[in-house]
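Asks: please work out how this folds:
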Amino acid sequence: MNSRTTIGSLFMLFALTACSPKNADKKADASKGGDAKEPVALTINGTSISQREVDILLRQQPPQRDAPAARQRVLDNITMQTIVAQEAVKKGLDKAPDVVDELEMAKTSVLAQSYAKDYFQHVQISDAQLTAAYEKLKADAAGKQYRARHILVATQAQAEDIIGKLKKDPQSFSELASAQSLDPVSKSKGGDLGWFDTRGMVPEFGAAVIGLEKGTFTQVPVKSQFGYHVIMLDDVRANTETVPPFEQVKAGLSDQVRQQSLQKMLDDLKAQAKIEAPALAKAP
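Replies: As a prediction, this is how the structure comes out:
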């Protein structure tokens, strides 16, 4: 969850509750120290701010070394928000249609985030799910690594010309890359890209590399979003990455599976919902 968005939404809701008629009844109690069941953290122009409301905002803050300073910043923000909100109510802005709509939208956002947070905290993750996630992690780390060189140019004609020269002299690849490639990083290395996993490359490039035999180059230009590539495959090896033991990654896998479960739950809710958008349907 985006904590900044959450905090902003909570401030908006707080401004509504702090300045609403029902909260005005708390003024007298605030001057006496507040309700014993609801400890008061601040009183601003007679409006009481409960410790519970302060704690909600504090929980939204990232961990900080200087906890007292962080608390003071939250209190300062609440104070300023409340003072300005009180002035807005005096001007009748709390009755303005746009403001009412925005406050209602903020309430919807907070409720939605609260539901998602509650689901994430309480969803049960089985050992079988964690084992499956770990096996997938190992499978993703398996496979091959490739070492290749490439020459990147702007046009297909340039790439075809380079391929023609390589057919006559494959050993000229590094020289041609240094002279003509548009890739500023590999150009100075004769086009060498080092060892890589094709899954980290753009699809067209990765597919072309997998299709090559060691020591050969592409016979036709490979077009990608960057331009046209001429690629030479130098070597192939088993992936050297190792997966840490299960116990070392268990906590991270648990969070990952919870995130996936949360996303599936949200997708299911959306799929089951009856959604109508007549305004959008009429839009040109």
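Asks: what about Ser186, how many neighbours?
Replies: When counting by other CB atoms under 10 Å, one arrives at 20 neighbours for Ser186. To be clear about C-beta, it is placed using only N, CA and C from the backbone, and glycine gets the same treatment.
Asks: residues contacting the strand or helix carrying it, please?
Replies: In this assignment (DSSP states H and E), Ser186 forms part of helix 184-187. Among residues not part of helix 184-187, those counted as contacts by CB atoms under 8 Å, 6 or more residues apart in numbering are Arg149, His150, Ala177, Ser178, Ser181, Asp192, Leu193.
Asks: which SS class is the second one?
Replies: Meaning His150. Assigned by DSSP: H, G, I helix; E, B strand; the rest coil, the conformation of His150 is strand.
Asks: ok, now how distant is Asp267 from Ala112?
Replies: 14 Å (CB to CB, to the nearest Å).
Asks: right, I mislabeled it, should have said Gln61
Replies: Computed with CB to CB, the distance linking Gln61 and Ala112 is 21 Å.
Asks: where does Lys223 sit, in terms of helix or strand?
Replies: Taking DSSP H and E as the criterion, Lys223 maps to strand 222-224.
Asks: before we move on, back to that, and the helix holding Ser186, what's buried?
Replies: Counting neighbours by 16 or more other CB atoms under 10 Å, one finds that the buried residues in helix 184-187 are Ser186, Lys187.
Asks: ok, residues contacting the helix or strand just after it?
Replies: Elements were assigned by DSSP H and E; along the chain past helix 184-187, the next helix or strand is strand 192-196. If you take CB under 8 Å, 6+ apart as the criterion, strand 192-196 is touched by Gln145, Tyr146, Arg147, Ala148, Arg149, His150, Ser174, Ser186, Asp234, Arg237.
Asks: and these, which are buried?
Replies: Neighbour counting by 16+ other CB under 10 Å classes Gln145, Tyr146, Arg147, Ala148, Arg149, His150, Ser186, Asp234 among the contacts of strand 192-196 as buried.
Asks: okay, the second one: pLDDT?
Replies: Which is Tyr146. At Tyr146 the predicted local distance difference test score is 95.
Asks: for the fifth one, same thing?
Replies: Turning to Arg149, the model gives it a pLDDT of 97.
Asks: repeat for the last one
Replies: pLDDT recorded at Asp234 is 97.
Asks: the inter-axis angle of the helix or strand hosting it versus strand 192-196?
Replies: With the criterion set as DSSP H and E, the secondary-structure element containing Asp234 is strand 227-238. Angle of strand 227-238 versus strand 192-196, following axes from the mean of the first three to the mean of the last three CA atoms, to 10 degrees, is 50 degrees.
Asks: what stretches of the stretch 151-284 of the chain score poorly on pLDDT?
Replies: Judged by pLDDT under 70, the stretch 151-284 of the chain has its weakly predicted residues at 279-284.
Asks: helix or strand right after the helix or strand encompassing Ile56?
Replies: Taking DSSP H and E as the criterion, the element that holds Ile56 is helix 51-59. For helix 51-59, the following helix or strand on the C-terminal side (DSSP H and E) is helix 67-90.
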